[in-house]
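[1] Everything below, folded, please.
(one chain, ligands or ions: 1)
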Amino acid sequence: MTIAYAIELAEPHAHIFRVTVTVPAPLDQEQVFTLPTWVPGSYMIRDMAGQIVSLKAVGNDASLPVTKIDKSTWRVSTRGLTGELSLVYEVYAQDPSVRLAYLDCERAFFNPSSLLLCPLGFENEPITLDLIKNDSPAYKHWQVATGLVRDKATKRWRFGRYHADNYEQLIDCPVEIGDFKTLSFKAHGVRHDIVLSGHVPAFDEVRLVTDVKAACERTIELFDPKAKKAPFKEYTFFLNLTVGSYGGLEHANSTALIASFEDLPLADTGKDEKGYQSLLTLFTHEYFHAWWVKRVKPAMFVPYDLSRETYTTLLWVFEGFTSFYDEKLVHEAGLVTSQAYARALSESLTQHMSCTARLRQSLAESSFDAWIKYYKPDGNRPNAVVSYYVKGGLVAMALDAHIRRMSKNERSLDDVLRYAYRQFVEAGSDYAGLDEDFIGELIWEATGVDVTDQLQAWVYGCEEPDYVQVLKSMGYGAKYETQSLVRSRLGVSVRADGVESVVTQVFDATAAQAAGLAAGDRLVALDNVRVEASKLEKMISRIPVDEPVSLYVFRGGILLPLVITMGAPRKDKIVVQTKKNGKKGR
Ligand SMILES: [Zn+2]
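    Got it, this is the predicted structure:
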């Protein structure tokens, strides 16, 4: 039996999609429909059902009684119903991220997990999705891009019918609709499309395609060095270009990316240009996930339970390894200089080492608590949350170095990826995922290197690898400098709000914390001089060491006098140096 969905771009100006789901032969007595509460790849409860603004059920040409039974679930009475059942509802969509749904007069983008209710009992049935064009002339140039399978009658980029094998596959295929631009290339024989939406200025298209293709081919070769076979028939990068945003969400045969248009390459963009490096890293990160978390994945995700939090201690394996390889592959493909790669390593190391939470939260704990910590940042974040991306990437780097050393350079972390991916391929539909405590055994089986002690210290405990030694084994040096006086002497992060500085985070064991400074405080005067955001660094440089000075802040609109005593600047920044430029220290 085929479950049929139809999506209309009902009112773009009001951000309203209209959805119809039809079950040809619903369950006897009652049929239950539910919407996921979270989207795979982003580990936070998002309660997408909150955006459904109206809903009715129709059968036998009459409306049927509907009862809501929990925040995301509806029950329709099917007593006496002889034919099909349709649910018709409207969804408000104005989330600009890659995770939910968006519709306005410029474009539509949605993850089906935000729009398409699942009829329980029919999760494994085949699905059709009809994407219906809005007849207004304003939208006559709009096209469709998605990783869903096109119907024979539907041409590429066109509205019409699409197919999925089951609900899980359906919600893993985001859809972009609008007047977008496309770039195409083949990587090891497989078609790849880049679909650009949002603000798309003129840029060096050939460079972007050439570089992304090189990164894709390196990734395919990493997982399957012999056959160089990708695990999908086609792959789509959705790239929404905006101002000042950055992120992505992985899927099995596509990814949704959001980035600043300013990071697109121009003719004179160098191989050490930071913005373009971060864009290439984003492409590579999400592409790598097609193997590493969409195919090889935690057992807890087989299948996903989208009705509640799904706890795993393994996010550091999937996000950390991916964070290590995204920079590494971009570097190995020759797309950035060694100096640019060293700069990226410096930033990760500095970010991690200045996060005081590393002394109290392990990587395994950070993974497990992602639902309530990583995705819910506040002013205490650096003291409470270790990033399983950043420390996970550094531990991946250290494990790689350890495996290389112990195996006399015969084996590396690459072998672990390949071994795990081969297991996935060989298991086919019986694939059960990685058990929570299996990572040590996996590394042993893949490389013959025992990492039990390393995992105990670096992953389940709060110890750190010797990063300087690790870097040395990779051919890099390291030295220590001072990040900024705001961080090093005052002990906070700030954001500028006009000319004023507002505290966003207060770090443990710092002058700011001892003085009672809090996140949200608006800095007014330091040592009796008005604080201006652009001059704060300079002001702090004039404050004598270990002498109390006055500090005035507004907290919730009320002036608060504090006294602060700042120590000498600390060397809290790690600068990674390439061999070639080590002498110059850049
Ligand atoms: Zn990721």
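[2] okay, stretch 558-577 in PDB with CA atoms only?
    Listed in PDB are the C-alpha atoms of stretch 558-577, where the atom choice follows Å, rounded to 0.1, in the frame of the first residue of the first chain:
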ATOM      1  CA  ILE A 558      20.400  48.700  37.200                       C
ATOM      2  CA  LEU A 559      23.900  50.200  37.700                       C
ATOM      3  CA  LEU A 560      26.100  47.800  39.800                       C
ATOM      4  CA  PRO A 561      29.500  48.900  41.200                       C
ATOM      5  CA  LEU A 562      32.100  46.100  41.300                       C
ATOM      6  CA  VAL A 563      35.800  45.900  42.100                       C
ATOM      7  CA  ILE A 564      38.100  43.800  39.900                       C
ATOM      8  CA  THR A 565      41.700  42.700  40.200                       C
ATOM      9  CA  MET A 566      43.400  41.400  37.100                       C
ATOM     10  CA  GLY A 567      46.500  39.400  36.900                       C
ATOM     11  CA  ALA A 568      49.200  39.400  34.200                       C
ATOM     12  CA  PRO A 569      48.200  38.200  30.700                       C
ATOM     13  CA  ARG A 570      48.500  34.400  30.300                       C
ATOM     14  CA  LYS A 571      49.800  32.500  27.300                       C
ATOM     15  CA  ASP A 572      46.500  30.700  26.600                       C
ATOM     16  CA  LYS A 573      46.700  30.400  22.800                       C
ATOM     17  CA  ILE A 574      48.300  27.500  21.000                       C
ATOM     18  CA  VAL A 575      49.800  28.400  17.700                       C
ATOM     19  CA  VAL A 576      50.500  25.500  15.400                       C
ATOM     20  CA  GLN A 577      53.500  26.000  13.100                       C
END
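[3] Would you mark the buried spots in that stretch?
    Applying a neighbour-count criterion of 16 or more other CB atoms under 10 Å, the buried positions in stretch 558-577 are 560, 562, 564, 566, 569-570, 572-577. C-beta coordinates here come from the backbone N, C-alpha and C atoms, glycine included.
[4] quick one: which of the residues you listed is nearest Gln456?
    Looking at those and their distance to Gln456, the nearest is Ile574, at 24.5 Å (CB to CB).
[5] Quick check: buried residues in the helix or strand where Asp193 lies?
    Asp193 is located in strand 190-198, with elements delineated by DSSP states H and E. Buried residues in strand 190-198, defined by neighbour count with 16+ other CB under 10 Å: 190, 192-198.
[6] before we move on, what about stretch 479-490?
    Of all the residues in stretch 479-490, those buried under the rule 16+ other CB under 10 Å are 483-490.
[7] what's in contact with that stretch?
    Surrounding stretch 479-490, the residues in contact under the criterion CB atoms under 8 Å, 6 or more residues apart in numbering are 350, 354, 492-494, 507, 510-512, 536-537, 540-541, 543, 564, 566-575, 577, 585.
[8] what sits against the residue nearest to Asp47 when sequence neighbours are not counted?
    Closest residue in space to Asp47, ignoring its immediate chain neighbours: Thr37 at 5.5 Å, by CB to CB, 6 or more residues apart in numbering. The neighbourhood of Thr37, defined by CB under 8 Å, 6+ apart, consists of 45-49, 71-72, 306-308.
[9] still on that earlier bit, please tabulate the buried residues of stretch 558-577 in a markdown table and include pLDDT and secondary structure as additional columns.
    What follows is the buried residues of stretch 558-577, written out as a markdown table (pLDDT from 0 to 100; DSSP: H, G, I helix; E, B strand; the rest coil):
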| residue | pLDDT | secondary structure |
| --- | --- | --- |
| Leu560 | 98 | strand |
| Leu562 | 98 | strand |
| Ile564 | 98 | strand |
| Met566 | 97 | coil |
| Pro569 | 94 | coil |
| Arg570 | 90 | coil |
| Asp572 | 87 | coil |
| Lys573 | 89 | strand |
| Ile574 | 91 | strand |
| Val575 | 95 | strand |
| Val576 | 96 | strand |
| Gln577 | 95 | strand |
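[10] need the residues you listed in JSON lines with distance to Val385, can you?
    Supplementary listing: those in JSON lines, determined by distance: CB to CB, whole Å:
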{"residue": "Leu560", "distance to Val385": "27"}
{"residue": "Leu562", "distance to Val385": "26"}
{"residue": "Ile564", "distance to Val385": "26"}
{"residue": "Met566", "distance to Val385": "26"}
{"residue": "Pro569", "distance to Val385": "26"}
{"residue": "Arg570", "distance to Val385": "22"}
{"residue": "Asp572", "distance to Val385": "18"}
{"residue": "Lys573", "distance to Val385": "20"}
{"residue": "Ile574", "distance to Val385": "20"}
{"residue": "Val575", "distance to Val385": "25"}
{"residue": "Val576", "distance to Val385": "24"}
{"residue": "Gln577", "distance to Val385": "29"}
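[11] which among these gets closest to the ion?
    Minimum separation from the ion among those (CB to the ion) is found for Val576, which lies at 22.4 Å.
[12] In contact with that closest one, which residues are there?
    The contact partners of Val576, by CB under 8 Å, 6+ apart, come to 342-343, 345-346, 349, 471, 476-478.
[13] So which of those sit within helices?
    The helices in this structure, assigned by DSSP state H, contain 342-343, 345-346, 349, 471 from those.
[14] Most widely separated two among those?
    Within the ones in helices among the contacts of Val576, Arg343 and Leu471 form the most distant pair, 13.1 Å apart (CB to CB).
[15] In terms of neighbours, single out the busier of the two.
    Just comparing Arg343 and Leu471: by other CB atoms under 10 Å the higher neighbour count belongs to Leu471, 22 against 19.
[16] tally of neighbours for the residue of the stretch 351-500 of the chain found nearest the ion?
    Of the stretch 351-500 of the chain, the residue with the smallest distance to the ion, taken as CB to the ion, is Tyr389 at 7.1 Å. Tyr389 has 22 neighbouring residues, counting by other CB under 10 Å.
[17] Which pLDDT value belongs to it?
    The predicted structure scores Tyr389 at 97 on the pLDDT scale.
[18] Might one say that it is in contact with Glu319?
    Yes: using CB atoms under 8 Å as the test, Tyr389 is close enough to Glu319 to be in contact (4.9 Å).
[19] related to what we said a few turns ago, in TSV, list the ones in helices among the contacts of Val576 along with distance to the ion and pLDDT.
    Output for those, formatted as TSV (distance: CB to the ion, whole Å; pLDDT from 0 to 100):
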residue	distance to the ion	pLDDT
Ala342	22	97
Arg343	21	97
Leu345	18	97
Ser346	21	97
Leu349	19	96
Leu471	24	96
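[20] And those, which is closest to Arg156?
    Within those, proximity to Arg156 (CB to CB) peaks at Arg343, which comes in at 39.9 Å.
[21] thinking the closest one is in contact with Ser278, fair?
    No: assessed by CB under 8 Å, Arg343 is found out of contact with Ser278, at 10.9 Å.
[22] circling back: out of the contacts of Thr37, who's nearest Arg358?
    Nearest member of the contacts of Thr37 to Arg358, counting by CB to CB, is Ile45, at 26.4 Å.
[23] Give me the distance between the closest one and the ion.
    19 Å (CB to the ion, to the nearest Å).
[24] Show the model's pLDDT score for that residue.
    The predicted local distance difference test score for Ile45 is 97.
[25] before we move on, the earlier item: residues contacting the strand holding Asp193, please?
    When contacts are taken as CB under 8 Å, 6+ apart, the neighbours of strand 190-198 outside the stretch itself are 107, 109, 145, 176, 178, 180-186, 208-209, 212-213, 216, 220, 230, 232-242, 261.
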